[in-house]
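Peer 1: this one's sequence-less:
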């Protein structure tokens, strides 16, 4: 599986040279989506010479790999890893970041998508239920009825309540199966909608809740 990451590393190095200046890239994204894993895979494509910079001199280079795990929050601080020796190129591994909670009021699908992908912590049963409901909504919207076979249902269900009344799997079980890929490839975003550029407003950063969303109204 090294070929795609070797190609990605080559493209990144070519882009850094083209842009000029300091040859340093960085990872950007929400927690627990594989930023450090991608960096680690790229570093492994050029053999044993993988290092992290801890000083300014050649003697200050130590061999080290990014730490990875299947839980959020493993990368807590900035770390600079060597991508290439000549010319010297680096990549900053940056801790994951999430949008402010209030920003999801206008676009609740952002919150549900992040939560379904295990990028946002679910702290209540109501949140778990809403995320499972959104997953079911997205599958029905895209006519992905793989869940019918997986859960041994007679037919698709219009809502989560109807599904759970027939199969006592729980909302947590639906989310778990989705994350494990049991329902096949499913894009949670509605790709039928035209792209709308997001405009930041002060209202997005006020405390709020995305509870009570009427999915049928979408």
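Peer 2: Now that the structure is in, tell me what you want to look at. Quantities reported herein were computed from a predicted structural model and do not represent experimental measurements.

Peer 1: CA only for contacts and neighbour counts going forward, please
Peer 2: OK.

Peer 1: quick one, phi psi at the most centrally placed residue in the chain?
Peer 2: The residue lying closest to the centre of the chain (Cα atoms, centre = their mean) is residue 33, at 3.5 Å. For residue 33, the backbone dihedrals (degrees, to the nearest 10) come out as phi -110, psi 0.

Peer 1: residues in contact with the closest residue to it other than its chain neighbours?
Peer 2: Spatial nearest neighbour of residue 33, excluding adjacent residues (Cα to Cα, 6 or more residues apart in numbering): residue 119 at 7.2 Å. Residue 119 makes contacts with 30, 31, 32, 33, 72, as judged by Cα atoms under 8 Å, 6 or more residues apart in numbering.

Peer 1: helices of the protein, residue ranges please.
Peer 2: Secondary structure of the chain (DSSP state H): helices located at 2-19, 35-44, 108-116, 125-141, 146-150, 160-166, 170-179.

Peer 1: columns mean neighbour count, mean pLDDT and distance to residue 90 on top of the ones you listed, output as TSV?
Peer 2: Below are those laid out as TSV (neighbours: other Cα atoms under 10 Å; pLDDT from 0 to 100; distance: least, Cα to Cα, whole Å):
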stretch	mean neighbour count	mean pLDDT	distance to residue 90
helix 2-19	14	86	10
helix 35-44	20	85	10
helix 108-116	20	86	29
helix 125-141	19	95	38
helix 146-150	15	95	43
helix 160-166	15	94	47
helix 170-179	18	94	32
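
Peer 1: any chance of the ones you listed in TSV, plus distance to residue 185?
Peer 2: Putting those into TSV (distance: least, Cα to Cα, whole Å) gives the following:
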stretch	distance to residue 185
helix 2-19	20
helix 35-44	20
helix 108-116	14
helix 125-141	10
helix 146-150	10
helix 160-166	20
helix 170-179	9
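
Peer 1: out of those helices, the one nearest residue 88 is which?
Peer 2: helix 2-19 (10.0 Å; Cα to Cα).

Peer 1: next, the angle helix 35-44 makes with the closest one.
Peer 2: Counting by axes from the mean of the first three to the mean of the last three Cα atoms, to 10 degrees, helix 2-19 lies at 90 degrees to helix 35-44.

Peer 1: counting by contacts, list what helix 2-19 packs against.
Peer 2: In this structure, helix 2-19 makes packing contacts with helix 35-44, judged by 3 or more Cα pairs under 8 Å, 6 or more residues apart in numbering; DSSP states H and E.

Peer 1: just how off-centre is the helix it packs on within its chain?
Peer 2: Here helix 35-44 is found 15 Å from its chain centre; the criterion is Cα atoms, centre = their mean, to the nearest Å.

Peer 1: pLDDT score for residue 152?
Peer 2: We have a pLDDT of 94 for residue 152.

Peer 1: residue 107 versus that one, what's the distance?
Peer 2: Going from residue 152 to residue 107 by Cα to Cα, to the nearest Å gives 33 Å.
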